[in-house]
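Chemist: Using only what follows, build the 3D model:
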Amino acid sequence: MRLMITTAAAALMLATAPMAASAQQASPPGADVAALPGGLSLRALAMMDRVSDPRVSPDGRRVLYSVRSTDWDGNRGVGALWVVPAAGGEPTRLAILTGGASSGRWAVDGQAIYFLSSRGGSNQVWRADAQGNAAVQVTTYPVDVAAFKVSPDGRNLIVALPVFIDCETLQCTRDRIDADNRSPSTVSGYDRMPLRQFDHWNDGRRQHLFVQPLNGSGLADGQPRDLMAGLDADTPSQPQGSEDEFALSPDGRTLVYSTQTQGAGEAFTNNSDLFRVSIDGGAATNFTEANPGADGAPAFSPDGRRLAWLAGERENVGGDQAVVMVADADGSNARPLTPNWDRGPGSLSWSSDGRSLLATASDDGQNRLFRIDARTGAVTPLTGRGAISGVQNQDDTLVYARDGFDAPTQIMTGTGDAARALTNHNAEALAALDLPEAEAFTFAGWNGEDVRGWVFKPVGYVESQTYPAVYLIHGGPKSPWTESWSYRWNPQTYTSAGYAVVMVNFHGSPGYGQAFTDAINDHWGDRPLEDLQKGWAAALSANPYIDGDRACALGASYGGYMVNLIAGKWNGPWACLVNHAGVFDVPQLMNAMDIGNFIHEFGGPSWERMDLYRRFSPGDFAGDWEKPMLVLHGERDFRVPIDQGLATFSALQRQEIPSRFVRIPDENHWVLKPRNYVDWQREILDWTARWTAPTP
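Modeler: The predicted structure is shown next:
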């Protein structure tokens, strides 16, 4: 008899009712996944409200922010806007819900709110009063609005629209799309890279910035004007750019934006530049042409006299730490403000008094907020543990979003001992949890250098008992674990199923200095693997409750690559392996993925450095695979195309190694739909429970 069990049941049986691995199989799709008492179930995680994007009102008294709730039956997220007093008080959900609402932005006078919504059938800009009532449509374009900003003088919107650059009107773009959709032929031809972008094929459109005049009622007045007319370029960048890539001067007359203009060579470089153009039109001026790296995140000082931005110093070096640059408003007299700061800021804004800049950066396993003196470049950390995003400073009111291993995002104000939460979303769900704390540890990794990580006890931990474990391996490879709340790889979903969890920020992880990050270049398969081996040994030595004989290694993307490499080079400790969106053949991946310049992780194209590629290509060691492996892959994944997962599964099956392939047809490199997420993670937990169950 074959016994079908739920993941929660499997977790509870680990210490109480041993079951042979062969007697288990996966739970059916849609099965609810419970957790240990005090733990976090998969569905509870999927149903949590996701808070983001705080925006301070012009008078500094209110904070507008976004909340994405979950429509379980519809298998989708639904966006809404909320407002909370900056001094503290009860948050209020605004009435503008129908059709969803996101990217809420205050009107200049604070008496109205602009936002994006698809309630009219396409994604357009809408406007409501400050209480979220009387919503009216501002734009009625024949194409979707990708992003927008309200001009500081209140006279215009800057809107990002995807257009064919040889079209003189937006309707021309719409007509061309409709004609293509009506055509019985499905043949498409391409003359240059990129062919695909993350999860969709490139149709030739470019995202351009348009200025849209507004009338006295704050509605669109006339046709938008393309400020990038004829330019073979994108702003925001595709496929995952944001409005942080363009900025308006405080007087509303000058636009600065970041883009690439290399034409057919664009796909093979990360060199972007900053351009300045008048809102009234005219030629744009490139004022960062001399810098070979990526220039972005432009930000005008509150008085409009200075401009700051982030500048990468090297072309095509992943994880290159950006330097904060400060110049006159026109980009002249530029100087590096932080030439010796050994951290890489990821966002940049000015304090409301103009005396300092505010930046977030990975730092020792956190994503902290820092203040940078605008005159001296002195850097001061403002936050401790946790991950900070969405920083806003208006009229001396500072707000930001903060999350951690302990809880999902809330909107915060103040720093240090004065920091306090303005929101309390998911309060009921969080009150039912008793999650273990992350315990940081340090060990000597590659080259004897300090490497850091975390260990989590399982939910309901009892002294003197032993527990199975999962080793979570991060992706990127230059995307470090930080003390943050993840809706994809959350360690607490595993602690809640009865596992100890180990996580390590191996060499290549940002937040520990540029040299530490650079150490992985040309060394994908040895230095990080050495760190993982030494980190596992250190975790076992210091935590005797971890049963090293009942442990599985799990990873996605580069983490999945590493799982495949572990399968051939270090499979001894593992009862099972889990590989989501992982890599089987490195040369094939580098020539098929959607990022054309990623080959520089290996110092050049495969045909020039094939010995290095082959040395670190997991499939070359598949003959040494022997441990059970679960392989999961999204069919719309163009970052690591599904062929890599299919090849992995084929190699396992040919060798009669216990294995399972999970195909997710409507997901990309990530698993985003709530029901898909629960079923995806349930597959993982079923697999680990099957192979870590105590033997009879």
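Chemist: tell me the helices in the stretch 401-550 of the chain, going along the chain?
Modeler: For the stretch 401-550 of the chain, the helices defined by DSSP state H, counting those that start in this stretch cover 427-431, 491-495, 514-518, 527-542.
Chemist: Likewise for the chain?
Modeler: Residue ranges of the helices in the chain, as given by DSSP state H, are 7-13, 42-47, 170-182, 427-431, 491-495, 514-518, 527-542, 558-569, 586-592, 610-615, 643-654, 674-692.
Chemist: any chance of these in JSON lines, with distance to Thr442, mean neighbour count and mean pLDDT too?
Modeler: No exception for glycine: its C-beta is placed from N, CA and C like everyone else's. Shown next, in JSON lines, are the helices of the chain (distance: least, Cβ to Cβ, whole Å; neighbours: other Cβ atoms under 10 Å; pLDDT from 0 to 100):
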{"stretch": "helix 7-13", "distance to Thr442": "30", "mean neighbour count": "22", "mean pLDDT": "37"}
{"stretch": "helix 42-47", "distance to Thr442": "29", "mean neighbour count": "21", "mean pLDDT": "96"}
{"stretch": "helix 170-182", "distance to Thr442": "54", "mean neighbour count": "14", "mean pLDDT": "97"}
{"stretch": "helix 427-431", "distance to Thr442": "30", "mean neighbour count": "12", "mean pLDDT": "97"}
{"stretch": "helix 491-495", "distance to Thr442": "18", "mean neighbour count": "26", "mean pLDDT": "98"}
{"stretch": "helix 514-518", "distance to Thr442": "13", "mean neighbour count": "19", "mean pLDDT": "98"}
{"stretch": "helix 527-542", "distance to Thr442": "8", "mean neighbour count": "20", "mean pLDDT": "98"}
{"stretch": "helix 558-569", "distance to Thr442": "21", "mean neighbour count": "26", "mean pLDDT": "98"}
{"stretch": "helix 586-592", "distance to Thr442": "30", "mean neighbour count": "19", "mean pLDDT": "98"}
{"stretch": "helix 610-615", "distance to Thr442": "29", "mean neighbour count": "15", "mean pLDDT": "98"}
{"stretch": "helix 643-654", "distance to Thr442": "33", "mean neighbour count": "20", "mean pLDDT": "98"}
{"stretch": "helix 674-692", "distance to Thr442": "27", "mean neighbour count": "23", "mean pLDDT": "97"}
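Chemist: closest one to Ser479 among those?
Modeler: With Cβ to Cβ, the closest approach to Ser479 among those belongs to helix 558-569: 7.9 Å.
Chemist: Run the chain-centre distance for that closest one.
Modeler: 22 Å (Cα atoms, centre = their mean, to the nearest Å).
Chemist: Same question for stretch 245-265.
Modeler: The answer for stretch 245-265 is 23 Å, by Cα atoms, centre = their mean.
Chemist: before we move on, what about stretch 518-527?
Modeler: On Cα atoms, centre = their mean, the centre of stretch 518-527 falls 23 Å from the chain's centre.
Chemist: ok, now stretch 210-218?
Modeler: 33 Å.
Chemist: go on, stretch 77-84?
Modeler: Distance, centroid of stretch 77-84 to centroid of chain: 20 Å (Cα atoms, centre = their mean).
Chemist: contacts for it?
Modeler: 50, 62-71, 90-94, 96-97, 100-102, 104, 113, 115, 130, 132, 411, 422-423, 672, 674 (Cβ atoms under 8 Å, 6 or more residues apart in numbering).
Chemist: just checking, which of the residues you listed belong to strands?
Modeler: Within those, residues falling in strands by DSSP state E are 50, 62-71, 92-93, 102, 104, 113, 115, 411.
Chemist: May I see the ChimeraX selection of the buried members of these?
Modeler: Provided next is the ChimeraX selection string for whichever of the ones in strands among the contacts of stretch 77-84 are buried by 16 or more other Cβ atoms under 10 Å:
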select :50,62,63,64,65,66,67,68,69,70,102,104,113,115,411
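Chemist: picking that back up, and the helices of the chain: which comes nearest Trp446?
Modeler: Here helix 527-542 is closest among the helices of the chain (Cβ to Cβ), at 4.3 Å.
Chemist: any idea how far the residue nearest to Pro665 when sequence neighbours are not counted lies from His200?
Modeler: Closest residue to Pro665 apart from its sequence neighbours, by Cβ to Cβ, 6 or more residues apart in numbering: Glu635 at 4.5 Å. Separation of Glu635 from His200 (Cβ to Cβ, to the nearest Å): 13 Å.
Chemist: So which residues of the stretch 151-300 of the chain form strands?
Modeler: 156-163, 196-197, 200-201, 206-213, 225-226, 246-248, 254-259, 273-278, 285-286, 295-300 (DSSP state E, counting those that start in this stretch).
Chemist: now those in JSON lines, with mean pLDDT and mean neighbour count?
Modeler: Shown next, in JSON lines, are the strands of the stretch 151-300 of the chain (pLDDT from 0 to 100; neighbours: other Cβ atoms under 10 Å):
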{"stretch": "strand 156-163", "mean pLDDT": "98", "mean neighbour count": "23"}
{"stretch": "strand 196-197", "mean pLDDT": "95", "mean neighbour count": "18"}
{"stretch": "strand 200-201", "mean pLDDT": "96", "mean neighbour count": "13"}
{"stretch": "strand 206-213", "mean pLDDT": "98", "mean neighbour count": "22"}
{"stretch": "strand 225-226", "mean pLDDT": "98", "mean neighbour count": "18"}
{"stretch": "strand 246-248", "mean pLDDT": "98", "mean neighbour count": "24"}
{"stretch": "strand 254-259", "mean pLDDT": "98", "mean neighbour count": "25"}
{"stretch": "strand 273-278", "mean pLDDT": "98", "mean neighbour count": "22"}
{"stretch": "strand 285-286", "mean pLDDT": "98", "mean neighbour count": "14"}
{"stretch": "strand 295-300", "mean pLDDT": "98", "mean neighbour count": "24"}
